[in-house]
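Quick one, fold the following:
(2 chains)
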Amino acid sequence: MRKLIATGLLAAALASYSTAGMAQSTVYFGISGEPTTMDPMMQTGTTFRTVKLGIHRGLVNYDVDGSISHELAESYEVAPDGLSITFALRDALFHDGSPVTAADVKASLDRIRDPEGAASFRNELSAITDIEVVDNKTVRLVLDQPNAAMIHYLALPESVIMPASWIEAFEADPNVAPIGAGPFRFVNWTRGREIVAERFEDYYKEGKPHLDEVHYVFYGDENARVNAIRTGDVDIIDYVPARELEALEAEAEIRTERTFGPFMGLQFNTQFEPFSHPEVRQAIAYAVDRAVIINTAFNGIGTPIYGLAIPEGYMGYSEETTNYFTHDVERARELLAEAGYADGFEARLLASAQYSFHQNTAVAIQSELAKIGITVTLDLPDWANRMSKASVADYDFMVMGSLGEITDPDWLSNYYYGGTQLVRNNNSAYFQDDRIDELLDQARVSTDQEEREALYAEFADRALELSPLVFYMWRDQSYAVRENVQGFTNMPAFLSFQSGFSIENVTVE
Amino acid sequence: MNALAGILAFVVQKLATALTQLFVVATLVFSIMYIMPGDPVLLLLGSESSPSPETIAAMRSRLGLDQPVLTQYVSWLTDVVRFDLGNSILGGYSVGQVVADNLPRTLELGLAAIVIASLIGVPVGIAAALNRGTLVDTALTSMTTIGISVPVYILGALLIILFSLQLGWLPSSGYMDIGRNAPEHFRRLVLPAFTLGFGLAASIARMTRSSMLEILNRDFIRALRAKGMSERRIIWQHALRNASIPVVTIIGLQLGNLMGGTVLVEAMFNWPGLSTLLVDAVSSRDYPVVQGSVLAIAALFIFINLAVELIYGLLDPRIRRRRT
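As a prediction, this is how the structure comes out:
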């Protein structure tokens, strides 16, 4: 008994020693994993984007309200013929004290569009045919044809600007000493634990950032992450699991920042005989009760989609396109019969057991499709393996959980365009429709708003009629924030994964 | 002279066995990673974009993954012999360095667990033995049954709920450098070490109890009692000392097994040790990191067992003779 009391006292004594002695304005940001690289041109997931947007800035970026904000570019002008964009740079400094110049912009963007390189958005930026250094503070991007989406691709966290001298010195080893022009300066990266960044005093936005330090702490385990914000070990966490949302909202000292962002749906291998018929794909859109997926995989939190996954307010959105389908098992059976599959068929659905919501979405779809006679076998490898299979179209159909990279409707190209590479991560394998390609091409080069609207309206009709992709629901994408932390914004819809941008506005009481 | 030669032969034989084990582990680790499906190049190139086949091929060749497996194996093995574990595919950092950083944290967790387990297990075992057959004994023995059967992830979750969320005494996760803030370092060690050590505490308690009971029934204890020695002296000086040999054996043997428990405990408490490193590397298919950390864990296991065997062999000639 005496021992027990002693142990209790010891624990109490240890507990009374608090962490309050540390720097006042430090924020601990619990992120859902460790970035795999610090090379900005690589899109390796949200955790790296969050860190990247603390350290780097591009010519432009997406602002917290979703608009394009002028960052290192004070202004920009698209030539009347649409064949070039000229940027005027502001007087900004990199973390090593050197000024941001046109040469740095050229070096950074050339590196991304390098045909030999491995930049994630190399294809998108290769629409730039030349980069001209007009003078020290002016740079012109020359395009092969007008491109309404280009400014959006330049706003991505992967298109940030680094010093040309840094690229030369550290390209081979980008993890040692990242340098950017963002609000926080990289301090160190402790493997397996955290990345620390400190306030950059010479940041070009007067009075920002407000914090002295940001610690991006790696919490791969979602339970550990949620516990960490409950106990105050961290101030912000990303990827709040749906089942914890309500409980966290009930806590006095924590609030959640919610938005929907990614969508869940299906990609089809159109070389698998039944899925080559649009009627079959439509039948699958009709057959599944969205509520079953939302309840099975997302604890009842999610918004159904009955058409295309275009967020309200985005170009291409309309009442009709969002409510094209209904949950109608009879209609689904008719469509199957029309295509010659009145008795159903067997198909293999690829998902991943590594993420429970992927697995459970697959389970829900399996049970729903059983009702129209489609016997689904599940293929649930871990994520790495799922990616490998997706890259060689080793699936009949596949659970899709993704989103558009940009807010310009050209994001649809990645999902619907045919072109030369017919097996991609985000399209339906081997799907190709000339009319869809034409519409996407025309809409991309058009600089006329009304014309673009009309083209995307026609695209939407065609995309629904053929339904190469079927969408079921919007997934909630939430952050949890301690009440004493202000200014963090979960950016709307597709931009949720770029919310790390708002760290420059964060204050802590 | 003859005895010395015997000892030497024993040591050499044990060392040879350990080295063979290491080689087998190294080979297994290498081959398993290549049999395993999943391509690190695709993960490295990101999940959102759609890399072209040329990009994938370029990356593969940059990482040396386009070489024949046998070539990769031989060069890997040669490097390992020189203590060079290569570089991470994804992060480019030195695997040897990161293993060297994480290994002491896992060891610290394991040792802390053993200390806590001994502090709990030995007194409980003695108390149960001395109160044999009474309610106290039954209560303590049932507790040890629970202790052995409760999985660490349940125990860990319960401890977090109680001490972190309800009472707010201890942090639920994370790690603090001992140089930066020593008290905080130990505060963060308490819950994971306790979680990891609890099952071992139960084993130690049981072993202590049965071992004490056996000793207490020996003739020499009876002789000491007949001599009129105080009960306290008998128990602490004579019985416990003799009873502790099998207990120490248990601790030695369990140290290796504890390493298995660290996989769950480190993940649960976000403890940046070898297991955390390993689990992350497996899910991202970072071959060199997986190989390096598995090799380090295996080497640790083999080394501990080697040390235990050598010590026993040296202490107890019967073991030495039986094995050589």
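
for the closest residue to chain A within the stretch 201-324 of chain B, helix, strand, or coil?
Closest to chain A within the stretch 201-324 of chain B is B:Pro272: 3.9 Å, counting by C-beta to the nearest C-beta. The way it works is simple: take the backbone N, C-alpha and C, and place the C-beta from them, glycine included. Using DSSP: H, G, I helix; E, B strand; the rest coil, the structure places B:Pro272 in coil.

If you tally nearby residues, what's the number for it?
23 (other C-beta atoms under 10 Å in any protein chain shown).

Tell me who's in contact with it.
A:190-193, B:102, B:105, B:175, B:266 (C-beta atoms under 8 Å, 6 or more residues apart in numbering or on different chains).

Format those residues as a markdown table; extra columns: neighbour count.
Putting the contacts of B:Pro272 into a markdown table (neighbours: other C-beta atoms under 10 Å in any protein chain shown) gives the following:
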| residue | neighbour count |
| --- | --- |
| A:Thr190 | 17 |
| A:Arg191 | 23 |
| A:Gly192 | 22 |
| A:Arg193 | 23 |
| B:Asn102 | 24 |
| B:Arg105 | 21 |
| B:Tyr175 | 25 |
| B:Glu266 | 28 |
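
Out of those, which is nearest to A:Asp289?
Among the contacts of B:Pro272, B:Glu266 lies closest to A:Asp289 (C-beta to C-beta), at 40.8 Å.

helix or strand for that closest one, which one?
Using DSSP states H and E, B:Glu266 sits in helix B:240-268.

What is the next helix or strand after that helix packed up against?
Using DSSP H and E, the helix or strand that directly follows helix B:240-268 along the chain is helix B:274-283. Where contact means 3 or more C-beta pairs under 8 Å, 6 or more residues apart in numbering or on different chains; DSSP states H and E, helix B:274-283 is packed against helix B:95-130, helix B:240-268, helix B:287-315.

Dump these into JSON lines; add distance to chain A as well.
Formatted as JSON lines, the helices and strands packed on helix B:274-283 follow (distance: least, C-beta to the nearest C-beta, whole Å):
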{"stretch": "helix B:95-130", "distance to chain A": "5"}
{"stretch": "helix B:240-268", "distance to chain A": "5"}
{"stretch": "helix B:287-315", "distance to chain A": "10"}
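
Wasn't A:Leu422 part of a strand?
No. A:Leu422: not assigned to a strand; according to three-state DSSP it is coil.

what sits against the nearest residue to it once chain neighbours are set aside?
Nearest non-adjacent residue to A:Leu422, counting by C-beta to C-beta, 6 or more residues apart in numbering or on different chains: A:Tyr430, 4.8 Å away. Counting by C-beta under 8 Å, 6+ apart, A:Tyr430 makes contact with A:269-271, A:393, A:422-423.

If any of these are buried, put those into a ChimeraX selection.
The ChimeraX command for the buried members of these (criterion: 16 or more other C-beta atoms under 10 Å in any protein chain shown) is given here:
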select /A:269,270,393,422,423
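
Out of the contacts of A:Tyr430, which is nearest to A:Thr36?
Among these, A:Val423 lies closest to A:Thr36 (C-beta to C-beta), at 23.7 Å.

Can you name the residues of the stretch 151-300 of chain A that neighbour chain B?
Those residues of the stretch 151-300 of chain A that sit near chain B, judged by C-beta under 8 Å from any C-beta of the partner chain, are A:173-175, A:190-193, A:217-221, A:223-224, A:227-228, A:230-231, A:233.

which of those residues are buried?
Neighbour counting with 16+ other C-beta under 10 Å marks A:174-175, A:190-193, A:217-221, A:223-224, A:227-228, A:230-231, A:233 as buried within these.

ok so, going back, okay if I get the contacts of B:Pro272 as TSV plus distance to B:Met229?
Shown next, in TSV, are the contacts of B:Pro272 (distance: C-beta to C-beta, whole Å):
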residue	distance to B:Met229
A:Thr190	57
A:Arg191	58
A:Gly192	55
A:Arg193	55
B:Asn102	51
B:Arg105	46
B:Tyr175	49
B:Glu266	48
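
Spatially, which two of these are the most separated?
Taking C-beta to C-beta, no two of these sit farther apart than A:Thr190 and B:Glu266, at 15.3 Å.

Could you export stretch A:470-490 as PDB, CA atoms only?
Below are the C-alpha coordinates for stretch A:470-490, written out as PDB (Å, rounded to 0.1, in the frame of the first residue of the first chain):
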ATOM      1  CA  VAL A 470     -19.400   7.000 -61.100                       C
ATOM      2  CA  PHE A 471     -19.500   9.200 -58.000                       C
ATOM      3  CA  TYR A 472     -21.200   8.400 -54.800                       C
ATOM      4  CA  MET A 473     -20.400  10.900 -52.100                       C
ATOM      5  CA  TRP A 474     -18.400  13.800 -50.700                       C
ATOM      6  CA  ARG A 475     -16.200  12.800 -47.900                       C
ATOM      7  CA  ASP A 476     -15.700  15.100 -44.900                       C
ATOM      8  CA  GLN A 477     -12.200  16.400 -44.500                       C
ATOM      9  CA  SER A 478     -11.700  17.800 -41.100                       C
ATOM     10  CA  TYR A 479      -9.100  19.400 -38.900                       C
ATOM     11  CA  ALA A 480      -9.400  19.800 -35.100                       C
ATOM     12  CA  VAL A 481      -7.900  22.900 -33.500                       C
ATOM     13  CA  ARG A 482      -7.500  23.800 -29.800                       C
ATOM     14  CA  GLU A 483      -9.600  26.800 -28.800                       C
ATOM     15  CA  ASN A 484      -6.600  29.000 -28.000                       C
ATOM     16  CA  VAL A 485      -5.400  28.800 -31.500                       C
ATOM     17  CA  GLN A 486      -6.900  31.200 -34.000                       C
ATOM     18  CA  GLY A 487      -6.600  31.900 -37.700                       C
ATOM     19  CA  PHE A 488      -6.300  28.400 -39.000                       C
ATOM     20  CA  THR A 489      -8.600  27.800 -42.000                       C
ATOM     21  CA  ASN A 490      -9.700  24.600 -43.500                       C
END
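
for that stretch, which positions count as buried?
A:470-482, A:485, A:487-490.

Check the offset of that stretch from the chain's centre.
13 Å (C-alpha atoms, centre = their mean, to the nearest Å).

quick revisit: could you pull out the buried residues of the helix holding B:Glu266?
Under 16+ other C-beta under 10 Å, the buried positions of helix B:240-268 are B:240, B:242-244, B:247, B:250-252, B:254-256, B:258-259, B:261-268.

Give me the pLDDT for the spatially closest residue to B:Ile114 that is not a sequence neighbour.
Leaving aside its sequence neighbours, B:Ile114 sits nearest to B:Ile251 (C-beta to C-beta, 6+ apart; 6.0 Å). B:Ile251 is assigned a pLDDT of 80 by the prediction.

And for B:Thr78?
So B:Thr78 comes in at 86 (pLDDT).

Checking it next. Helix, strand or coil?
Classified using three-state DSSP, B:Thr78 is helix.

what's the neighbour count on it?
10.

How about A:Pro35?
24.

again, but for A:Ser67
Quick note: A:Ser67 (other C-beta under 10 Å) scores 10 neighbours.

With A:Asn505 as the reference, measure out to it.
Taking C-beta to C-beta, to the nearest Å as the measure, A:Ser67 and A:Asn505 are separated by 15 Å.

Perfect, I'm done here.
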